[in-house]
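> Quick one, structure for this:
(2 chains)
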Amino acid sequence: MNALLQWTTYVLIGYFVVLNGGYVFMSIITFWGVVRYRYVLDAYNPEEALASESLPSITLIAPTYNEESTCVASIRAFLNVDYPNFEVLVVNDGSTDATLERLRNTFKLQPTSRPPTSDLPTESIRQVYRSRTHPDLWVIDKENGGKADALNAGVNFCETSFFCAMDADTIVEREGLIRIVRPFLENTSTVAVGGIIRVANGCTIQSGRVQNVSMPQRLLSKLQVVEYLRAFFFGRLGWDTLGAMVIISGAFGMFRRETVVEVGGYETDSVTEDLELVLRMHRWLRERGEEYRVRFIPDPVAWTEVPSTLSGLGSQRDRWHRGMVDSMIRHQRMLLNPRYGRVGLLAYPFFYFLETFGVILEFLGYAWFVVALATGTLSAPIALAFFLVAFALGMALSLSAVAMEELSFHRYQKTSDLLQLLLLSILDNFGYRQLNAWWRIKGLWSYLRSKEEWGTIERTGFNTSNA
Amino acid sequence: MRPNLSSPFEVFSPASDLIATLILGSGALMLLSVCFAAFALGSHVWSRYQTRVWKRQKEDWDAQIVTVLAGDLRPQTLTDTVPKKYYGSFLEALMPYATVVDGAEKQIIQALAAPFLPRVKANLSSRRSLVRARAVQRLGLLGGPEQAAALRQMLDDSSPRVVERTVHSLARVGGAADAERLLDCLPRLAHVDPRHLSSSLVHLGEAAAPTMRAAMADDERPPFVRICCAETLRELRDTASVAAAAWLLEDAKFRDMLQFPKVTASLLRLLKHLGKGVHGPLIRAYCHAPASFVRLHAARALGQLGTPEDEVLLGALVYGDESRWVALGAARSLIEIGSITPLRKLRTLDHPRAALASDLLLSFDQ
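Residues are numbered from 1 along each chain as shown, chains lettered A, B, ... in the order given. Sure thing, here's the model as predicted:
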């Protein structure tokens, strides 16, 4: 028994050291990346790009399912984006609420037709609509088939070389497209680019624009602000700096259409179709020996409403983790395989061992802590000291993400908001992280039971009152 | 011999040492956290201060810049009031104007920027490529022809990013005489989207067109350079280049051109926009090219330059081309030349492309 406990301890401590060592390493890399990126931004002038004729045509694809409360505001934001030539394809994935009705009435949709450009398999299309007030807005009404299926339907009707996959409850900033297209212009081997997602809860939205950035009212949403900062700085910018980007958020990412069609489009039986697609693209392009780049850049911003209830958040995280496990297992051929370069040797092992399956050890660690304390295997002072290290490390990482945000984009301009962010960086170590671990364990368990539901997130709609 | 351990942690050290180490570690991390928090707060306060100052300055400068542009204030009167430490901010305030004005107004903006550009120029020799790239961008946007000499030297920079920015900047401030020089450095930028480069080369103006035409026709040049030239000539709407493109695409050179499908596609695009009906026969041959994107551009060009005689050829592409894109392009071209009979017929058949014809005809009828 003692030996078992001893070995459990070695494994847990090893996991703790490797995971947090990885985070610390990523935070250092990210700091360097943020400082460097400030110079890149300094030399890029969106107005100059807008004035030139070099910007390629783009299609925004926004799948929507039962999003009657937010879809109109989001689509208005899409239509108001500063970009010379783009189309918006909204794919209504068999909504059972008034989503289509609201779109039809607001944008004066009329039935029309549009020839598809590819034939990725999807559920059947009921009707294609075009707006009479906004000729660049098309709505594709189809039978319900899930988000990936809706995205594939959008890709099938996309006529441009690039498309931007968006969530219909996401608000893209005015310069979002000019900024996200930059890596494609600078290097033609770029196949996908991700932008940053920020929390819209608490912000004031008018005419499809975020007019006033503010912290959310609810604690759960506030905690997600810090979490998103950490995720997008360390989990995206850090990996981009290392040249091993594997995650592009489904809420805001731009892709080269041809590559997506060639790899077979979005996988409809995956609940994290965004992660799965990017991994498949890496694998497919590497196996063909093609030169390519997958990038994340932090200046194109999209705002999204995050779950504000425990059940909604739990359902989302359960799905995310289930999808992550699924994607990691599907493509585990890449794991530690030099053929897949930095993705196979660095990013994949990190996400596979630490982010995906490491949660078992994390949860085991919590359980072990209790058992060891109860049985007296672990003395209270050691437990307390160990807890202090874990807490201080978590706090330091969250605070470093807040510091990076202030150094780079400084979106939360109210001092009270910053103070909240600092406080939340301390608070999220108590309960929130453990809750996340629990949801991830549930996600893993759901995967093992092959549960494929998406779950539901109750949307309250954006705050459209005056600031 | 392994000692008999009462606690797993004793494998590392005596418990008290371990506790001390852990507490020390957490103390260090706490200290680091305090540093991050202080850094965040300091950055926040500094950013707020800078934003406030910038807003005030920009309002003030914007009003004065407009007055200078209106001719009611001499540029020097404004530049004399700009404190030396704020030269960067002042140039920043000028940039939105520099991207939208032209002619005499552009010269006024250049005159406003001129006293501060030597400081920017000093950054051209920075060790950091991103700083050099930024300086090159500022000189191109805010400088005049007098900056061209400094920019020409940057075409040999070790960083492709700097070279790319220099192409954009030198095309703005340089002249037609720089065309050859710019074309010579394009092979280093083969990773960049050609349209991105051609949209800058357009700034060289009509006078650079002869150099571009010669380069487009020169099969010794890398295909990438020839593509950039064809795109630039198209954007310049240089009608004289049509003859050169037609000469390159003529029957005798068909086989040669197939070796450069991307160049061929660019030439077809050029003909589509600037060509005439007389080029129709030339284009038809490329509707059978092996590369689908060449066939697509040929089909699209026939939509502009074709005649009802092309109905059979375009109809064959709609019915039988292996590429859906070519079929779609050909179907649209049929509508453009007013020959929709093949599409109406196709709609009624049990054919894989019947839906394509039906979709297009429906939107056409609307």
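> Please identify the helix or strand for the closest residue in space to B:Val101 that isn't next to it in sequence.
Distance criterion Cβ to Cβ, 6 or more residues apart in numbering or on different chains; nearest residue to B:Val101, sequence neighbours excluded, is B:Ile109 at 6.0 Å. Bear in mind the C-beta positions are built from the backbone N, C-alpha and C, glycine included. According to DSSP states H and E, B:Ile109 maps onto helix B:103-113.
> again, but for A:Cys164
strand A:162-166.
> Only the buried residues of that strand, if you could.
By neighbour count with 16 or more other Cβ atoms under 10 Å in any protein chain shown, strand A:162-166 contains the buried residues A:162-166.
> cool, stretch A:420-436 as well?
A:420-422, A:424-429, A:432-433, A:435-436.
> ok, back up a step: adding distance to A:Tyr412 as columns, could you present the buried residues of strand A:162-166 in a markdown table?
What follows is those, written out as a markdown table (distance: Cβ to Cβ, whole Å):
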| residue | distance to A:Tyr412 |
| --- | --- |
| A:Phe162 | 31 |
| A:Phe163 | 31 |
| A:Cys164 | 26 |
| A:Ala165 | 27 |
| A:Met166 | 23 |
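> and of those, the nearest to B:Arg195?
Proximity to B:Arg195 was ranked across the buried residues of strand A:162-166 by Cβ to Cβ; first place goes to A:Phe162, at 12.4 Å.
> Surely A:Val389 touches B:Ile19?
No - contact criterion Cβ atoms under 8 Å: A:Val389 and B:Ile19 do not qualify, at 10.8 Å.
> thinking in terms of the whole chain, how far from its middle is the lowest-mean-pLDDT helix or strand in chain B?
Ranked by mean pLDDT, DSSP states H and E, the weakest helix or strand in chain B is helix B:254-258, scoring a mean of 75. Computed by Cα atoms, centre = their mean, to the nearest Å, the chain-centroid distance of helix B:254-258 equals 29 Å.
> Could you check the helix or strand following it against chain A for contacts?
The helix or strand immediately downstream of helix B:254-258 is helix B:261-274, counting by DSSP H and E. No - using Cβ under 8 Å from any Cβ of the partner chain, helix B:261-274 stays clear of chain A, coming no nearer than 11.1 Å.
> For helix B:261-274, output the C-alpha coordinates as CSV.
Output in CSV follows, covering the C-alpha atoms of helix B:261-274 (Å, rounded to 0.1, in the frame of the first residue of the first chain):
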residue,chain,number,x,y,z
PRO,B,261,-0.1,27.8,-66.2
LYS,B,262,-0.2,30.5,-63.6
VAL,B,263,1.3,33.0,-66.0
THR,B,264,-1.2,31.9,-68.6
ALA,B,265,-4.1,32.4,-66.2
SER,B,266,-2.8,35.9,-65.4
LEU,B,267,-2.6,36.8,-69.1
LEU,B,268,-6.2,35.5,-69.6
ARG,B,269,-7.4,37.6,-66.7
LEU,B,270,-5.6,40.6,-68.3
LEU,B,271,-7.3,39.9,-71.7
LYS,B,272,-10.7,39.4,-69.9
HIS,B,273,-10.5,42.9,-68.5
LEU,B,274,-8.8,44.8,-71.3
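> List the contacts of it.
B:194, B:216, B:223, B:226-227, B:230-231, B:233-234, B:237-239, B:241-242, B:245-246, B:248-249, B:257-258, B:279, B:282-283, B:286, B:289-291, B:293-294, B:296-298, B:300-301, B:303-305 (Cβ atoms under 8 Å, 6 or more residues apart in numbering or on different chains).
> List only buried entries from those residues.
So, by 16+ other Cβ under 10 Å, the buried ones in the contacts of helix B:261-274 are B:194, B:216, B:223, B:226-227, B:230-231, B:233-234, B:238, B:241-242, B:245-246, B:248-249, B:257, B:279, B:282-283, B:286, B:289, B:291, B:293-294, B:296-298, B:300-301, B:303-305.
> Get me the contact residues on the stretch 151-300 of chain B for chain A.
Checking the stretch 151-300 of chain B against chain A by Cβ under 8 Å from any Cβ, the hits are B:161, B:164-165, B:191-193, B:195-200, B:202, B:235.
> So, low pLDDT: which residues of chain B?
B:1-15, B:252, B:366 (pLDDT under 70).
> Show the subsequent helix or strand relative to the longest helix anywhere in it.
Looking across chain B with DSSP state H, the single longest helix is helix B:15-69. Helices and strands here follow DSSP H and E; after helix B:15-69, the next one along the chain is helix B:75-79.
> how about the residue nearest the centre of chain B, what does it touch?
With distances taken as Cα atoms, centre = their mean, B:His196 lies nearest the centre of chain B, 2.3 Å away. Contacts were defined as Cβ under 8 Å, 6+ apart; by that measure B:His196 touches A:52, A:54, A:185-186.
> run the last query once more with 6 Å
The contact partners of B:His196, by Cβ atoms under 6 Å, 6 or more residues apart in numbering or on different chains, come to A:54, A:185.
> count of neighbours near residue 160?
Looking at chain A here, since you left the chain open. 16 (other Cβ atoms under 10 Å in any protein chain shown).
> Wait, chain B was what I had in mind.
Using other Cβ under 10 Å, the number of residues around B:Pro160 comes to 17.
> now the strands for the stretch 51-200 of chain A?
A:58-64, A:86-93, A:109-112, A:125-131, A:137-142, A:162-166, A:170-172, A:190-199 (DSSP state E, counting those that start in this stretch).
> for chain B, what are the nearby residues on the stretch 101-250 of chain A?
Selection of the stretch 101-250 of chain A residues close to chain B by Cβ under 6 Å from any Cβ of the partner chain yields A:112-113, A:115, A:185, A:187-188.
> As JSON lines, the residues you listed with neighbour count would be great.
Putting those into JSON lines (neighbours: other Cβ atoms under 10 Å in any protein chain shown) gives the following:
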{"residue": "A:Thr112", "neighbour count": "17"}
{"residue": "A:Ser113", "neighbour count": "19"}
{"residue": "A:Pro115", "neighbour count": "22"}
{"residue": "A:Leu185", "neighbour count": "20"}
{"residue": "A:Asn187", "neighbour count": "16"}
{"residue": "A:Thr188", "neighbour count": "17"}
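> now B:Gly88: how far from B:Ser43?
18 Å (Cβ to Cβ, to the nearest Å).
> Tell me which of those two has more neighbours.
The neighbour count for B:Gly88 versus B:Ser43, taken as other Cβ under 10 Å, is higher for B:Ser43 (19 against 13).
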